[in-house]
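Trainee: only geometry, no sequence info:
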DNA sequence: TGACAAAGCGGACTGTAGTCCGTTACGGTG
DNA sequence: CACCGTAACGGACTACAGTCCGCTTTGTCA
């Protein structure tokens, strides 16, 4: 089911959102945030979120569509923070640095966010197939990577942005971190190496790849 | 839950598998294959598979662990076919071609398989978080890519094999194909371009990237 | 060939996701 | 301020995933 509103984006909802709707949205997000932080998000039932939030279960589904939608909404704020840094923050994440440096910084920031919010990210992306790719957030990430690749390559990057972002899928990162003992910096290093190779076709750098 | 047997691999089970167990395994796989082909796999209930197979629901869970395990088992034969081609088939997929050509051929073959079995692949990878990455099949793919990259780069590829395989995650491919109108050959083209850049650090090729 | 571990079976059972629709609250209008 | 159309609410309801455990089948060993 499609979301009715862009979750937690006041600008998109303020015009029409009713007072009780706004109040309940806040309550649900607060309850979800708290419960997801306390316990593994897969173990939290939506009945429970509804009870803690003091709303009916139907309200959660009406607003967030499903479990993945709720998880995405909780993560939304954290992802918008990176977006904000990208648009208006200091380089190399923000404007001003060369494209390859910005791309490395961006992927590093994303990787850090995924690792820091692993469990919740897995629920958000996995509970509903392809949920990640239908979000505005992903569209924004893709656009940013596309622009940087275009600058760096001097050509239309085609599907490359999707290929470059693919390794940040939560279930892959979860597997790497939890079952293969990869650390966030190993992942970042490997992504840096990939970006180096994709963008700068000089001699292959050494010593920057993970174990 | 971990699988008790490597699904559908007679060599791994023949020694100990009881006659009734083997019979039921075949029945379940046949029923699942038929039902998954007739209808979207997400709409087929396991109760139904059990009924058609003429076994109890518990039997399916005992053997395949969960929905994703059953889907993986159904796909297993098709994935092993590619493995077989890689090990003993003609070049460029099989031995004999240079590493970059083999890598392109391998990723192309995988992409084709994912696209051809999209719905089922999505269930297999998505029903249980990270299911794809825990399989022997993925381990085999990763090893193959690692060997080819090592040959092509002359250095330890580190996490690069995972990064290169990441775009073949079923939910990403599903999104590209079904929501963005990407065709299998566009995806293959983009993967080729990526491999070119990663392996051969010559001038960027033109006209090989997707739209 | 009979008996006995133990592997396997199956379907009743439990809990949760997600739906549905009668009821309630909001806010715009006269 | 009272009315009304409509958006939103909420919890009973359905159906499915996945578990559990008493019963059955199998293969082995004497």
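Mentor: Happy to help now that I have it. Computed from a prediction, not measured in an experiment: that's the story for all the values here. Numbering: from 1, shown residues only, chains lettered A, B, ... in the order given.
Trainee: tell me which element residue A:111 is part of?
Mentor: helix A:99-116 (DSSP states H and E).
Trainee: So which elements touch that helix?
Mentor: The elements that helix A:99-116 packs onto, with contact taken as 3 or more C-beta pairs under 8 Å, 6 or more residues apart in numbering or on different chains; DSSP states H and E, are helix A:67-88, helix A:136-153, helix A:160-165, helix A:170-179, helix A:184-199. All C-beta atoms are positioned from the backbone trio N, CA, C, and that covers glycine.
Trainee: hmm, try it at 6 Å
Mentor: Applying 3 or more C-beta pairs under 6 Å, 6 or more residues apart in numbering or on different chains; DSSP states H and E, we find helix A:99-116 packed against helix A:136-153, helix A:184-199.
Trainee: Ok, which of these comes nearest DNA strand C?
Mentor: Comparing these against DNA strand C with C-beta to the nearest atom of the strand, the closest turns out to be helix A:136-153 (20.0 Å).
Trainee: still on that earlier bit, deepest-packed of the helices and strands packed on helix A:99-116, please.
Mentor: Each of these was assessed for mean neighbour count using mean count of other C-beta atoms under 10 Å in any protein chain shown. The highest is helix A:184-199, with a mean of 22.
Trainee: the inter-axis angle of that one versus helix B:136-153?
Mentor: Orientation check (axes from the mean of the first three to the mean of the last three C-alpha atoms, to 10 degrees): helix A:184-199 against helix B:136-153 gives 50 degrees.
Trainee: now the angle from helix A:184-199 to helix A:170-179?
Mentor: Between the direction of helix A:184-199 and that of helix A:170-179, the angle (the same axes, to 10 degrees) works out to 130 degrees.
Trainee: do helix A:184-199 and chain B meet?
Mentor: Yes: with C-beta under 6 Å from any C-beta of the partner chain as the criterion, chain B is reached by helix A:184-199 at A:190, A:194, A:197, A:198.
Trainee: Packing partners of that helix?
Mentor: Applying 3+ C-beta pairs under 6 Å, 6+ apart, one finds that helix A:184-199 makes contact with helix A:99-116, helix B:184-199.
Trainee: Okay, buried residues for the first one please.
Mentor: For helix A:99-116, the neighbour count (16 or more other C-beta atoms under 10 Å in any protein chain shown) marks A:99-111, A:113-115 as buried.
Trainee: How about stretch A:21-35?
Mentor: In terms of neighbour count (16+ other C-beta under 10 Å), stretch A:21-35 has its buried residues at A:21, A:24, A:25, A:27, A:28, A:29, A:31, A:32, A:33, A:35.
Trainee: does DNA strand C sit close to that stretch?
Mentor: No: judged by C-beta under 7 Å from any atom of the strand, stretch A:21-35 stays clear of DNA strand C, getting no closer than 7.5 Å.
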